[in-house]
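Trainee: Sharing a model that was predicted from the sequence below.
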Amino acid sequence: MKTLSLKTVFVCLWTALDSFLQDRAMFPKQQRIRRLGFAVLLLILTVNTVILIRVAWNRLGEPEAELTLSGREFSTRNGLFDEASGRFVRLKIGKTNDWLDAVKLRSLGLDEKPASAHRSREREVLLVLELDGPTHARALAAQKKLVIQAREELQRADAVLTGLDPEAAPEALTQAQKNRKRAAERLENTERGLLVKQNEDSRLYLVDAGLEVQALRQRYPDRSRYALVPGTMRVWWDREGKAHPSSSLELRDIFVPLRFAEIFARIDKLQGEEKAAARLQLAFGKRLEPWVRDLQPGK
Amino acid sequence: METRQPLSREAAQAAVARIEAFREELARLDKAGVLRLNPEQRQAVDQHQAALLAQWRQRFDVDTENRERQLSWGMKVASFLAALALSAAVFFLCYQFWGQIPTAAQAALLFLFTLATSLASLHCAAREQSSYFAKLFGMIACVCFALNMSLLGRMFNLTPRPTVFLVWSGFAFLLAYACEARLLLAVGICALSAWLGAQTGTFWGMYWLGFGQYPETFFPAALALFGLSLIPHYRQPDFPPAYRVWALLFWFLPVLLLSHWGEGSLFPMSHRFVEYLYQLTGFASAALLMVLGIRHGWPETVKTSVVFFTLFLYTKFFDWWWDWMPKSLFFLVLGLAALLALLILRRLRRLHPHAREVQP
């Protein structure tokens, strides 16, 4: 009885739909097109209005964060063909994954390995960008430590070489000279690496991820040093079951408005220290969507 | 006897074909001496049919002669190429000069482009009987609307969301139904399928942009499109077959892929088991849809199912025999399998009460 009544209901609904559609089909063509036309125009208007309201809401009031980046933290990019297609800046972000441990993955709901091998999980998260903060300081300190170690190694190699008996076997002398040369090269590389890190490398790092803005802001309250950006966290598991996490920003290229076109063109031609002197003021709004507030070429 | 007037150009064109077939058959019967109308009857029939043809030509711009049909086909091709070329022109125009326009002007131009091309399409749809220009402007309007959302998103650095697919599909569907254009319907179907795929991917715990990596995310789209094909379309009789064909493509292509690539499945089963499961599903669903298509008079369903049944069969033959069987023998087996299918279908056809013997 219950099945029959369900069938009856379905048949009645279907008949009503069929008769409704037949009646609509009898409408004159102009009337039908007029109604669809109103719907089309309403959709165009609604979409554009919603987008502009969303943008205005994002930029209303004080920014959620504001970072002043140097030329080390961004690169210039043109649109599809050339500068006439649009100007964009892309953030250069140093990645350190030491914060991506099992605890963090569990907090993001990405700790469970899927049943099949070679599978991955991915979800939207909020990423924390840090500008010229402890992470960069640690990276500099690590590089300085490498320089000190390289210097000590060179000193040891020098000591071995000078301490060698002139009557010693030629092989020992050759080996000591090789070691000394290698140590000198290593020192040169590490010192160059330190210079690059101090003057050229980006000071912008991804340092954390979370799911809620408020919780992350409590942990990173300095809005001139930390920005929260939408991103994705992906974890894939290899055959041995080891997890390999990685993160990426959802928005890679940030649009530069026309009023900065001349400055953008100048910065685009700069390199090295001149480029590093450029300044980009990036604001992040309520929806964590960024916009360029100011762009200066520097000296 | 009540005669129902056709509601669409396709229905009117089919009615014209029926009148032509009737005239040819009447002439043949007259020549064979089986049926001969007297002059009054002949005149009444000719006048009635001439009036209908004139009415349909005026209302739907139908083709009543071969020459007209050939020219119409040429116009369709020209209209399609023009739509593609002009859409590409708008796309590259935007990207060529975009950076030289202030932001406010960019937003205004995007809105106006979309509005103007949509209004042009609707205006042509209301005025034309055959809708060539309506479809052309409709295609450009779809491209403009997509550019509208995409470029605004890039200008204001908006986070991408799958909702854009849903909005774009709604726009394409509205224009498709206004212009009665299957090309615009195809755009709407693809956008809707992308949105459904993204939602399915999100439901399964992945980032929405990754849905394309997993073929199973297209199954809900296949089911939804098949459901849409069941809704009566009195004004657009060629839309339900289009829905069905796309539904079958979104069903069979993932099934075909997964029958050889079990790793691409979302289900926590072994790869071999997934492949066997999808091979079985492929054969069973192709056979079932063939039967359904024959029963309901859906020729596009039958043809698509036959094509995929053959593909499933031939890919299995390849898996089993290609490596060890001599190539000549392999293709001989394929040919024999096709002959066997021909014999089976001929047998099934003979079982039909009104079937005739097919003479080779």
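Mentor: Received the coordinates, thanks. Model, not experiment: these values are computed from the prediction.
Trainee: which helices and strands does the strand or helix carrying B:Ser79 pack with?
Mentor: B:Ser79 is part of helix B:66-97 when elements are defined by DSSP states H and E. Judged by 3 or more Cβ pairs under 8 Å, 6 or more residues apart in numbering or on different chains; DSSP states H and E, the packing partners of helix B:66-97 are helix B:132-155. Just so you know, the C-beta spots here come from the backbone N, C-alpha and C atoms, and that holds for glycine as well.
Trainee: between the helix it packs on and helix B:66-97, how many degrees?
Mentor: Inter-element angle recorded for helix B:132-155 and helix B:66-97: 20 degrees (by axes from the mean of the first three to the mean of the last three Cα atoms, to 10 degrees).
Trainee: Would you tell me what the next helix or strand after helix B:132-155 is?
Mentor: Downstream of helix B:132-155, the next assigned helix or strand under DSSP H and E is helix B:163-179.
Trainee: Just checking that next one against chain A, any contact.
Mentor: Yes: Helix B:163-179 lies within reach of chain A by Cβ under 8 Å from any Cβ of the partner chain, at B:167, B:170-171, B:174-175, B:177-178.
Trainee: got those residues as CSV, with neighbour count and pLDDT columns?
Mentor: Formatted as CSV, the residues of helix B:163-179 next to chain A follow (neighbours: other Cβ atoms under 10 Å in any protein chain shown; pLDDT from 0 to 100):
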residue, neighbour count, pLDDT
B:Val167, 19, 95
B:Gly170, 19, 95
B:Phe171, 28, 96
B:Leu174, 24, 94
B:Leu175, 32, 93
B:Tyr177, 21, 92
B:Ala178, 26, 90
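Trainee: so who does A:Gly298 touch?
Mentor: Contact analysis of A:Gly298 by Cβ atoms under 8 Å, 6 or more residues apart in numbering or on different chains lists A:70-71, A:274, A:276-279.
Trainee: switch to 6 Å and redo it
Mentor: Applying Cβ atoms under 6 Å, 6 or more residues apart in numbering or on different chains, we find A:Gly298 in contact with A:277-278.
Trainee: need the residues of the stretch 151-299 of chain A near chain B, please.
Mentor: Selection of the stretch 151-299 of chain A residues close to chain B by Cβ under 6 Å from any Cβ of the partner chain yields A:230, A:232, A:250-251, A:254-255, A:257-258, A:289-290.
Trainee: which two in those residues are spaced the farthest apart?
Mentor: Spatial extent of those (Cβ to Cβ) is set by the pair A:Thr232 and A:Leu258 at 30.9 Å.
Trainee: Could you pull out the helices in chain B for me?
Mentor: Secondary structure of chain B by DSSP state H: the helices cover B:9-32, B:39-60, B:66-97, B:103-127, B:132-155, B:163-179, B:182-203, B:219-229, B:239-258, B:271-296, B:299-321, B:327-350.
Trainee: residues near residue 188, how many?
Mentor: All of this is about chain A. Using other Cβ atoms under 10 Å in any protein chain shown, A:Glu188 is surrounded by 12 other residues.
Trainee: To clarify, I was referring to chain B.
Mentor: Neighbours of B:Gly188 (other Cβ under 10 Å): 20.
Trainee: wait, isn't it in contact with B:Ala172?
Mentor: Yes: between B:Gly188 and B:Ala172 a contact is recorded at 3.4 Å, counting by Cβ atoms under 6 Å.
Trainee: and B:Ala178, what does it touch?
Mentor: A:33, A:36, B:122, B:125 are the contacts of B:Ala178 under Cβ under 6 Å, 6+ apart.
Trainee: Got the domain ranges for chain B?
Mentor: Chain B breaks down into these domains under automatic domain parsing: B:1-64, B:78-213.
Trainee: What score does B:Arg356 have for pLDDT?
Mentor: Looking at B:Arg356, its pLDDT is 48.
Trainee: quick one: low-confidence parts of the stretch 51-200 of chain B?
Mentor: Applying pLDDT under 70 to the predicted model, the stretch 51-200 of chain B contains no residue that meets it.
Trainee: follow-up on the earlier one: just checking, which of the residues of the stretch 151-299 of chain A next to chain B belong to strands?
Mentor: Counting by DSSP state E, the part of those found in strands is A:230, A:232, A:254-255, A:290.
Trainee: May I see the residues you listed organised as a markdown table, with distance to B:Phe219, neighbour count and pLDDT added?
Mentor: A markdown table is the format used below for these (distance: Cβ to Cβ, whole Å; neighbours: other Cβ atoms under 10 Å in any protein chain shown; pLDDT from 0 to 100):
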| residue | distance to B:Phe219 | neighbour count | pLDDT |
| --- | --- | --- | --- |
| A:Pro230 | 29 | 16 | 93 |
| A:Thr232 | 24 | 20 | 89 |
| A:Ile254 | 37 | 20 | 93 |
| A:Phe255 | 37 | 21 | 92 |
| A:Pro290 | 37 | 25 | 95 |
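Trainee: Closest one to B:Asp46 out of the residues you listed, please.
Mentor: Of all these, B:Asp46 sits closest to A:Phe255, with 68.6 Å by Cβ to Cβ.
Trainee: need the contact list for that closest one.
Mentor: A:Phe255 touches A:88, B:154-155, B:157, counting by Cβ under 6 Å, 6+ apart.
Trainee: ditto for A:Val9
Mentor: Going by Cβ under 6 Å, 6+ apart, A:Val9 touches no other residue.
Trainee: And B:Arg154, by the same measure?
Mentor: Going by Cβ under 6 Å, 6+ apart, B:Arg154 touches A:Phe255.
Trainee: So which residues on the stretch 251-360 of chain B come close to chain A?
Mentor: The stretch 251-360 of chain B comes close to chain A at residues B:Pro268, as judged by Cβ under 6 Å from any Cβ.
Trainee: For the stretch 251-360 of chain B, which residue gets nearest to chain A?
Mentor: B:Pro268 (3.0 Å; Cβ to the nearest Cβ).
Trainee: Quick check on that residue: phi, psi?
Mentor: Dihedral pair for B:Pro268: phi -80, psi 60, per degrees, to the nearest 10.
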